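Trainee: Make a model of this:
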Amino acid sequence: MADKLAAIQRALDEFRMDEARALASEELAEKPSATAYYLASLAARTHGQRVELLQKALELDPDHARAKEELRDMQPPAAGTPAHVEANETTPQLAGLTRRFTALLLDAAIVSALTMLVLLAKDSFAPLQAAMYNADEEAATAAFRHFQQTTILFNLLISALYQTAFMTILNGQTPGKVLFKLRVVKQNGKRIGLLDALLRNGFGYTVSQLFLLGFIWAWLDDDQQAWHDKMAGTIVIDLTPADAAESPAD
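Mentor: I've put the predicted structure just below:
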């Protein structure tokens with residue numbers, strides 16, 4: 001038993017979540033324990049599954065400190081309300097990918113407008129215009145390449161600042177996510193911090209934008225995480241009422 005629990009923990013530490021889920025399922029089928037349920041909760045695909053597994057861990061061991069802490073951090077119960085009732089009634093749902101992409105497009109449009117304003121303020125269009133007016137094809141090509149590189153650099157910097165600042169100030173939301181009622185949180189349900197926002201939206205977004213592969217990955221991932229979510233350990237949740245939420249297939 002100890003060996004199997006250690007193997008589950010190693011898989012979790014190395015982010016081999018599918019393997020961790022499989023090992024936990026085997027352990028729970030052979031010999032259920034509070035520790036096994038707790039480890040299984042760390043590899044759960046959804047918040048609902050995580051809450052259910054944590055509750056089962058506490059049923060077997062009401063004094064399991066880590067399970068109690070995780071459940072409390074995910075869904076703090078209202079005064080006089082049993083923790084298991086509150087958690088089941090308000091368990092967050094993963095956001096639909098269609099709405100996430102639409103919110104991303106809105107934020108991208110705002111970032112693009114801000115980028116153009118910065119380029120105008122720095123008079124970055126002037127060298128390109130001068131080269132084109134001189135009818136010098138070689139100079140125009142060089143000027144265009146320089147302008148393109150400058151635009152991409154400013155766009156990436158402004159995007160990182162925009163996303164990081166809003167997500168830190170607005171608790172995991174940007175203007176696009178506010179409009180579409182989405183929020184970025186840690187996988188355990190906790191609020192993201194400044195370092196999480198920097199990793200996800202600074203470095204992570206740059207990686208995900210490579211041929212858009214990082215975004216496409218979200219459609220194939222069990223937890224609907226893009227590469228930048230994987231890097232920061234975050235998920236995107238739906239803030240709309242349960243009866244109005246989108247289908248997870250969206």
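Trainee: How is this protein divided into domains?
Mentor: What automatic domain parsing lists as the domains of the chain is 2-91, 94-244.
Trainee: Format these as JSON lines; extra columns: mean neighbour count and mean pLDDT.
Mentor: C-beta: built from backbone N, CA, C; applies to glycine. Conversion of those to JSON lines gives the following (neighbours: other C-beta atoms under 10 Å; pLDDT from 0 to 100):
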{"stretch": "domain 2-91", "mean neighbour count": "17", "mean pLDDT": "77"}
{"stretch": "domain 94-244", "mean neighbour count": "17", "mean pLDDT": "86"}
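Trainee: tell me the phi and psi of residue 237?
Mentor: Backbone geometry at residue 237, expressed as degrees, to the nearest 10, gives phi -110, psi 160.
Trainee: Enumerate the beta-bridge partners assigned to it.
Mentor: Following DSSP bridges, residue 237 is listed with bridge partners residue 94, residue 183.
Trainee: Surely it and residue 186 touch.
Mentor: No: under the criterion of C-beta atoms under 8 Å, residue 237 lies out of contact with residue 186, with a separation of 10.6 Å.
Trainee: name the helices or strands packed onto the helix or strand harbouring residue 158?
Mentor: Secondary structure assignment for residue 158, by DSSP states H and E: helix 137-169. Applying 3 or more C-beta pairs under 8 Å, 6 or more residues apart in numbering; DSSP states H and E, one finds that helix 137-169 contacts helix 97-121, helix 126-133, helix 194-198, helix 205-208.
Trainee: could you say what helices and strands the next helix or strand after it packs with?
Mentor: The C-terminal neighbour of helix 137-169 among helices and strands, as given by DSSP H and E, is helix 175-179. Contact analysis of helix 175-179 by 3+ C-beta pairs under 8 Å, 6+ apart lists helix 97-121, strand 182-186 as its packing neighbours.
Trainee: Contacts for the helix or strand hosting residue 215, please.
Mentor: Using DSSP H and E, the element containing residue 215 is helix 213-216. Judged by C-beta atoms under 8 Å, 6 or more residues apart in numbering, the contacts made with helix 213-216 from elsewhere in the structure are 101, 104, 204, 207-209, 226-228.
Trainee: 7 Å - rerun?
Mentor: If you take C-beta atoms under 7 Å, 6 or more residues apart in numbering as the criterion, helix 213-216 is touched by 207-208, 226-228.
Trainee: can you dump the C-alpha coordinates of stretch 137-152 into CSV?
Mentor: The C-alpha trace of stretch 137-152 is given here as CSV (Å, rounded to 0.1, in the frame of the first residue of the first chain):
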residue,chain,number,x,y,z
GLU,A,137,12.4,48.8,-52.5
GLU,A,138,15.4,47.5,-50.4
ALA,A,139,15.0,50.3,-47.9
ALA,A,140,11.3,49.8,-47.7
THR,A,141,11.7,46.1,-47.1
ALA,A,142,14.2,46.7,-44.3
ALA,A,143,12.0,49.4,-42.8
PHE,A,144,8.9,47.1,-42.9
ARG,A,145,10.8,44.3,-41.2
HIS,A,146,12.0,46.7,-38.5
PHE,A,147,8.4,48.0,-38.0
GLN,A,148,7.1,44.4,-37.9
GLN,A,149,9.6,43.4,-35.2
THR,A,150,8.9,46.5,-33.2
THR,A,151,5.1,45.9,-33.4
ILE,A,152,5.5,42.3,-32.3
